[in-house]
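**Q** predicted model and sequence follow; I will ask about them next.
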Amino acid sequence: MMTDMKQIKHHLTEPLLMGYAAGTLPEAFNLVVATHISMCDTCRAALAEYEAVGGEVMLDAEPIDVAEDALAATLAMIDGGQVAEKPAPVRTQNSVFPGPLQDYVNGDIDSLKWRKVGGGVSQLVLNTSKDASVRLLRIPAGTAVPDHGHRGTELTLVLQGAFTDEEDRFGAGDVEVANEDLHHTPVAEDGLDCICLAATDAPLLFNGLVPRIAQKFIGI
Amino acid sequence: MLTEADTLTKADALPPNVIYGDVKAQRVSKVRNTKVNPEASAKRMAWVVQVHAVRDTKDRKAFAELFGYFAPRVKSFLMKSGASPDLAEECTQEVMATLWNKSHMFDPTKASVSTWIFTIARNRKIDILRKQRRPEPEDLPWGPEAEPDQADAIGLQQETEQLGQALATLPEEQRKLIERAYFGELSHSQIAAETGLPLGTIKSRIRLALDRLRHAMK
């Protein structure tokens, strides 16, 4: 285990767990949720219950007749081996990236194609559906990310190291759910570089002209 | 937070953070073995036995019984989520085929059959309807046990039955909101626009409904 689960203090919110259970979140948010759950038994158990609610909602719904030959067609599909099943992801031993994240990145921290975004901070944008975006952030120990606010929701999951902002300290496995009320300046702790998985459904709002201009070029 | 959203009247102006932020997740249920309809619990254990018969002996009769009960409900879920009847039919058959193929993965101490089939249907919905990749959590390192503890399995099936009963007895308005949230029929802000209710109110009603489900377990 890379992460001592007992130390996780900041968990997913109810709407996120419910949205993941229902399958209604943007892909970028699903990735943060699946990655956090890979690190957090508390949220894994909570998710199971939101999924149970989904199962009961499904049972409660008015059934709709399937085609007359549906069972025969399904058995034929089974016999023909036509439905490919994807195995659940597994973590490469000792990787900082839990299994679901490894499906999105090729390599580990030092082999990735990080792009500098200023102030020593680097990022790697991951490829997801366009309704939200998600990136890895690498913040050198002791460095601050420029003060910024949020137009939509920003989820920041710490994978390695820790950061502190106006709200609290966030260590490995912790997730910060920020919205437009929060203007913060996260500062990476001394020690290991802070590696975060950050998803947002709207562009961040930086306070200050230079970061705002830079933002146009780097696409945060 | 809710009051802040309540003061806004135009639903479209609300940022999506109102949907995802600020509510700490809670466990839906914690207590097991309170009163539960024994017949309904027996039915749930019968589904478990049927899934195991599919797994162990490729029992087509057991599969047909599961199919007869669940396929029309999966189809209903998919159509309410926006699939055309033809697509819903096709996906339903794939969901049921996945049940067959993955029957060895089913663990009755972790999920009831209804929960498990729902997650398969949800996954297919994301694959086919939303055409997105679907990040999934890592499996727990120990995987499903070969011989799951029978008492644990029965306890979990009973818990899920209680949950189902609690859902059925929610006030109509709350039950409908939960249903819409799960079926993804409409986003919260679309529900707000349609009903004229502020988004904060919709969200607090969903919370209230979930709280009632929690209390029903206690």
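**A** Cool, the structure landed.
**Q** residues near A:Tyr50, how many?
**A** A total of 22 residues lie near A:Tyr50 under the criterion other Cβ atoms under 10 Å in any protein chain shown. C-betas here are computed from N, CA, C, even on glycine.
**Q** that one: what's it in contact with?
**A** By Cβ atoms under 8 Å, 6 or more residues apart in numbering or on different chains, the residues touching A:Tyr50 are A:17-18, A:20-22, B:28.
**Q** state the distance from it to A:Val57.
**A** Relative to A:Val57, A:Tyr50 is positioned 11 Å away (Cβ to Cβ, to the nearest Å).
**Q** got it, and B:Gln132?
**A** Counting by Cβ to Cβ, the gap from B:Gln132 to A:Val57 is 22 Å.
**Q** what does A:Arg115 give?
**A** Distance of A:Arg115 to A:Val57, computed by Cβ to Cβ: 43 Å.
**Q** so for the two, which residue has more residues nearby?
**A** More neighbours surround A:Val57 than the other of A:Arg115 and A:Val57, with 24 against 13 (other Cβ under 10 Å).
**Q** can you pull the phi/psi pair for the more buried one?
**A** Note on A:Val57: backbone dihedrals following degrees, to the nearest 10 are phi -60, psi -40.
**Q** count the residues that sit near the closest residue in space to it that isn't next to it in sequence.
**A** What sits nearest to A:Val57 in space, not counting adjacent residues and going by Cβ to Cβ, 6 or more residues apart in numbering or on different chains, is B:Tyr182, at 4.6 Å. If you count neighbours by other Cβ under 10 Å, B:Tyr182 ends up with 28.
**Q** which strand or helix spans B:Tyr182?
**A** Assigned by DSSP states H and E, B:Tyr182 belongs to helix B:172-183.
**Q** which helices and strands does that helix pack with?
**A** helix A:14-22, helix A:41-60, helix B:60-80, helix B:150-168, helix B:188-195, helix B:199-216 (3 or more Cβ pairs under 8 Å, 6 or more residues apart in numbering or on different chains; DSSP states H and E).
**Q** same thing but 7 Å
**A** Counting contacts by 3 or more Cβ pairs under 7 Å, 6 or more residues apart in numbering or on different chains; DSSP states H and E, helix B:172-183 is packed against helix A:14-22, helix A:41-60, helix B:199-216.
**Q** look up how far chain A lies from B:Glu89.
**A** Distance from B:Glu89 to chain A, counting by Cβ to the nearest Cβ, to the nearest Å: 6 Å.
**Q** that residue falls within a helix, correct?
**A** Yes - B:Glu89: assigned to a helix according to DSSP: H, G, I helix; E, B strand; the rest coil.
**Q** how about the strands in chain A?
**A** A:115-118, A:121-126, A:133-139, A:148-150, A:154-160, A:162-164, A:169-171, A:175-178, A:187-188, A:194-200, A:204-206 (DSSP state E).
**Q** adjacent strands (with direction) for the fifth one?
**A** Taking DSSP bridges as the criterion, strand A:154-160 pairs within the sheet with strand A:175-178 (antiparallel), strand A:194-200 (antiparallel).
**Q** need the residues that contact the first one.
**A** This points to strand A:175-178. Under the contact criterion Cβ atoms under 7 Å, 6 or more residues apart in numbering or on different chains, strand A:175-178 has outside partners A:10-13, A:32, A:36, A:150, A:153-157, A:167, A:170, A:184, B:20-21.
**Q** 8 Å instead, please
**A** Surrounding strand A:175-178, the residues in contact under the criterion Cβ under 8 Å, 6+ apart are A:10-13, A:16, A:32, A:36, A:150, A:153-158, A:165, A:167-168, A:170, A:184, B:20-22.
**Q** for the last one, same thing?
**A** When contacts are taken as Cβ under 8 Å, 6+ apart, the neighbours of strand A:194-200 outside the stretch itself are A:26, A:28-29, A:31-32, A:35, A:96, A:101, A:109, A:132-141, A:150, A:152-163, A:188.
**Q** do that again at 6 Å, thanks
**A** Strand A:194-200 is contacted from outside by A:28-29, A:32, A:35, A:132, A:134-139, A:154-161, A:163, A:188, using Cβ atoms under 6 Å, 6 or more residues apart in numbering or on different chains.
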